[in-house]
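In: structure for the following, please:
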Amino acid sequence: MAKRPPSSLLFNGSEWSFATLSRAYEAIEEIAVGEMGLDVYPNQIEIISSEQMLDAYSSIGMPLMYQHWSFGKRFVFESHFYRKGRRGLAYELVINSNPCITYLMEENTMPMQALVTAHAAFGHNHFFKNNYLFRQWTDAGAILGYMDFAKKYITKCEERHGIAAVEEILDSAHALMDQGVFHYRRPPRLSPAKVTERARERLEYEEQTYSDLWRTLPTAVGSAGIEEAEKEALERKKVLNLPEENLLYFLEKHSLILEPWQREILRIVRVIAQYFYPQGQTKVMNEGCATFVHYTIINRLFDQGRMSEGAMLELLASHANVVFQPGFDDPRFSGINPYALGFAMMQDIERICTKPTAEDKDWFPDIAGNGDSMGTLIDAWENHRDESFVLQYLSPALIRKFRLFHLSDLATDRFCEVASIHDERGYSAVRAALARNYDPSTHRPDIQVVDVDLLGDRQLRLRHRIRNGVLLDEAERDRTLAHIRRLWGYGVSLAGVDSATDKVLYECSSAQA
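Out: Residues are numbered from 1 along each chain as shown. The predicted structure follows:
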């Protein structure tokens, strides 16, 4: 292989400078935007030390964050393992904002700076800007301004009300963070004029359908009181918009004991939880997109003669470590590596679009051989989350490559059964089972506020819809109920109801917490 002339290289050696970073960034941007057709936010790239990266770890990756003891605990934990050499740090950290902020570690070599720039500043950036979940649930242009407000607001609350009082509210809010997210778009709030118009339409309908004959029918003994109570409960639930899946939102709006500053803190925690909601559903796609982008760009730079063989070997070694998938019997196995699966699926889509087999044409008639792999990938990145992406694009070829099978391993069974193998029916079953594994609703407990009588006992009634017999851990459940009671101020009860039979499996209250 002919040695590349130094004059054509973007960099030579491992040392970097800001001039070298700028030159590499321009070359990467030319390929990412000009050739691959990526659509990205403006980039803001910052160089940080390992200490600053640890600090970013502890504050959930945000450049601005309020203070809380849990962040300090996380910092000590990460710092301890890092300094003992038992855990490394990420080469970069990227924030879904406009401009998109990418932190690069100053300890990185120049080849690694180029790779993580392609990975984060263009791969993740494109996904953040274009994926439908991020567009629907996050406002990249406003998040940094909001975090600045949140930090200053909580600091003022600590000065005015004391650190202990603020910490108490934050502890309870953080405990409910996973239950402080809207999973479905709420209908827009009606204007006063629209509310009045609907009330008038209901009255007109009642007048048109009223018949005095109904008054002459006999009433069962005691039924009038029951009907009145049921009617009152229905009206109460309608006014409060119950059932409500977002516990933090309900407590923020309807708690009778919270002061305005405490409600605002609940809102801050809720907004942050909602901001991270799309990331939990797109881990495979997001990392697969970024890995595919950086792999494509570094190979293109090498083909253009702008990267040396030594740099390429370093980058390919790092890339191989990122997409390594340990076997199920490997001590390092902890599940399917999202980088490995995501990158493999992106490459497989590229293969199906350009060099399809007869099997591909049967399974993917819409994209097989269309010759537009980047267009197909960009469309998939924009319109899917992990669950639907796997369900639509995981191919039999990739199932065979990853040696995926569907196992039935019930506690009541004596043996583990291989339920699906590599045949026509088995591929569909394996794909569906893996897709369900990325459906957040299968792992997140479905707990909703179902009733509360604000003019009566004020007891907050929650319902847990139990799926597949999976119950809550009792200790965690009782501690969480204690946090809800702290924010609500009155009794809290929780009923576990089987989602298939509607049978009540357990009942508990905050008195047990």
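In: part of a strand, is residue 507?
Out: Yes. Using DSSP: H, G, I helix; E, B strand; the rest coil, the assignment for residue 507 is a strand.
In: which strand residues bridge it?
Out: Beta bridges link residue 507 to residue 495, judged by DSSP bridges.
In: if you drop the residues flanking it in sequence, what lies closest to the spatially most central residue of the chain?
Out: Most central in the chain under CA atoms, centre = their mean is residue 280, positioned 2.2 Å from the mean C-alpha point. Leaving aside its chain neighbours, residue 280 sits nearest to residue 440 (6.1 Å; criterion: CB to CB, 6 or more residues apart in numbering). Heads up, the C-betas are built off the backbone N, CA and C, glycines and all.
In: how many residues are close by the one you found?
Out: Using other CB atoms under 10 Å, residue 440 has 15 other residues around it.
In: surely it is in contact with residue 282?
Out: No. If you go by CB atoms under 8 Å, residue 440 and residue 282 don't touch, sitting 10.5 Å apart.
In: tell me where the stretch 351-500 of the chain has strands.
Out: 406-408, 417-420, 446-451, 460-466, 492-498 (DSSP state E, counting those that start in this stretch).
In: from the chain's centroid, how far away is the third one?
Out: Right, strand 446-451. Relative to the centre of its chain, strand 446-451 is centred 22 Å away, using CA atoms, centre = their mean, to the nearest Å.
In: residue 488 against residue 262, yeah?
Out: No. Counting by CB under 8 Å, residue 488 sits too far from residue 262 to count as a contact (11.9 Å).
In: which one of the two is surrounded by more residues?
Out: Legend: neighbour count by other CB under 10 Å for residue 488 and residue 262, higher for residue 488 (25 against 22).
In: please name the nearest non-neighbouring residue to that one.
Out: Residue 488 sits nearest to residue 460 (CB to CB, 6+ apart), 5.1 Å away.
In: count the residues that sit near the one you found.
Out: Neighbourhood size, residue 460 [other CB under 10 Å]: 29.
In: look at it and report its pLDDT.
Out: With respect to pLDDT, residue 460 has a value of 93.
In: try residue 467
Out: What the model reports as pLDDT for residue 467 is 87.
In: next one: residue 12
Out: For residue 12, the pLDDT comes out at 89.
In: so it makes contact with residue 307?
Out: No. The pair residue 12 and residue 307 fails to qualify as a contact (CB under 8 Å) at a distance of 10.0 Å.
In: returning to that earlier point: for the strands of the stretch 351-500 of the chain, which one sits closest to residue 97?
Out: Nearest to residue 97, of all the strands of the stretch 351-500 of the chain, is strand 446-451, at 31.1 Å by CB to CB.
In: what mean pLDDT does the closest one get?
Out: Averaged across strand 446-451, pLDDT comes to 92.
In: make 761 the starting number, not 1.
Out: Done: numbering now begins at 761, and the last item shifts to strand 1206-1211.
In: tell me, how many neighbours does residue 1263 end up with?
Out: 10.
In: the residue nearest to residue 1040 and residue 1044, how far apart?
Out: Residue 1200 sits at a distance of 13 Å from residue 1044 (criterion: CB to CB, to the nearest Å).
In: over to residue 1269?
Out: Distance from residue 1269 to residue 1044, counting by CB to CB: 40 Å.
In: those two: which is more packed in?
Out: A direct count of neighbours by other CB under 10 Å for residue 1269 and residue 1044 places residue 1044 higher, at 24 against 18.
In: could you list every helix and strand in contact with the helix or strand hosting that one?
Out: Element membership for residue 1044, per DSSP states H and E: helix 1043-1063. Contact analysis of helix 1043-1063 by 3 or more CB pairs under 8 Å, 6 or more residues apart in numbering; DSSP states H and E lists helix 778-789, helix 870-876, helix 885-890, helix 1069-1082, helix 1098-1114, helix 1133-1143, helix 1146-1153 as its packing neighbours.
In: identify whichever of these lies nearest to residue 933.
Out: Nearest to residue 933 among those is helix 885-890; the distance by CB to CB comes to 25.7 Å.
In: touching the closest one from outside, list them.
Out: 792, 798-801, 803, 854, 856, 858, 860, 862, 894-895, 900, 1042, 1045-1046, 1049-1050, 1053, 1138, 1141-1142 (CB atoms under 8 Å, 6 or more residues apart in numbering).
In: buried ones in the helix or strand hosting residue 929?
Out: Per DSSP H and E, residue 929 falls inside helix 923-935. By neighbour count on 16 or more other CB atoms under 10 Å, the buried set for helix 923-935 is 926, 927, 929, 930, 932, 933, 934, 935.
In: from residue 1107, how far off is the first one?
Out: According to CB to CB, residue 926 and residue 1107 sit 49 Å apart.
In: ok, now the fifth one?
Out: Computed with CB to CB, the distance linking residue 932 and residue 1107 is 46 Å.
In: could you tell me the end-to-end distance of stretch 1215-1226?
Out: The straight-line separation of the ends of stretch 1215-1226 (CA to CA, to the nearest Å) is 30 Å.
In: who touches it?
Out: Here stretch 1215-1226 makes contact (CB under 8 Å, 6+ apart) with 1003, 1007, 1016, 1205-1213, 1232, 1244, 1248, 1250-1259, 1265.
In: let's see it at 7 Å
Out: Under the contact criterion CB atoms under 7 Å, 6 or more residues apart in numbering, stretch 1215-1226 has outside partners 1016, 1205-1212, 1232, 1244, 1248, 1250-1259, 1265.
In: hang on, the earlier thing: out of residue 772 and residue 1067, which sits in the busier spot?
Out: A count of neighbours by other CB under 10 Å puts residue 1067 above the other of residue 772 and residue 1067, at 25 against 14.
In: ok, that one - contacts?
Out: Per CB under 7 Å, 6+ apart, neighbours of residue 1067: 769, 770, 1058, 1061.
In: one more: residue 1252?
Out: Neighbours of residue 1252 in contact, by CB under 7 Å, 6+ apart: 1220, 1222, 1241, 1244, 1245, 1269, 1270.
In: find the least confident helix or strand in the chain, judged by mean pLDDT.
Out: Between all helices and strands in the chain, the lowest mean by mean pLDDT, DSSP states H and E belongs to helix 952-969, at a mean of 61.
In: any idea how this protein splits into domains?
Out: With domains defined by automatic domain parsing, the chain comprises 769-904, 1083-1201, 1205-1272.
In: weakest of these in terms of mean pLDDT?
Out: domain 769-904 has the lowest average pLDDT among the domains of the chain, namely a mean of 85.
In: distance between the ends of that one?
Out: One end of domain 769-904 to the other measures 37 Å (CA to CA).
In: from the chain's centre, how far out does that domain sit?
Out: Distance of domain 769-904 from the chain centroid (CA atoms, centre = their mean) equals 18 Å.
In: stretch 902-918 now?
Out: Computed by CA atoms, centre = their mean, the chain-centroid distance of stretch 902-918 equals 22 Å.
In: same check on stretch 1188-1203?
Out: Centre-to-centre, stretch 1188-1203 and its host chain are 16 Å apart (CA atoms, centre = their mean).
In: cool, and stretch 1057-1064?
Out: With CA atoms, centre = their mean, you get 32 Å for stretch 1057-1064.
In: contact partners of that stretch?
Out: Contacting residues not belonging to stretch 1057-1064 are listed as 787, 788, 791, 792, 875, 878, 1067, 1072, 1075 [CB under 7 Å, 6+ apart].
In: thought residue 866 was touching residue 809?
Out: Yes. The criterion here is CB atoms under 7 Å, and residue 866 meets it with residue 809 at 5.6 Å.
In: and residue 1190, how far is that from residue 1166?
Out: When distance is defined by CB to CB, residue 1190 is 5 Å away from residue 1166.
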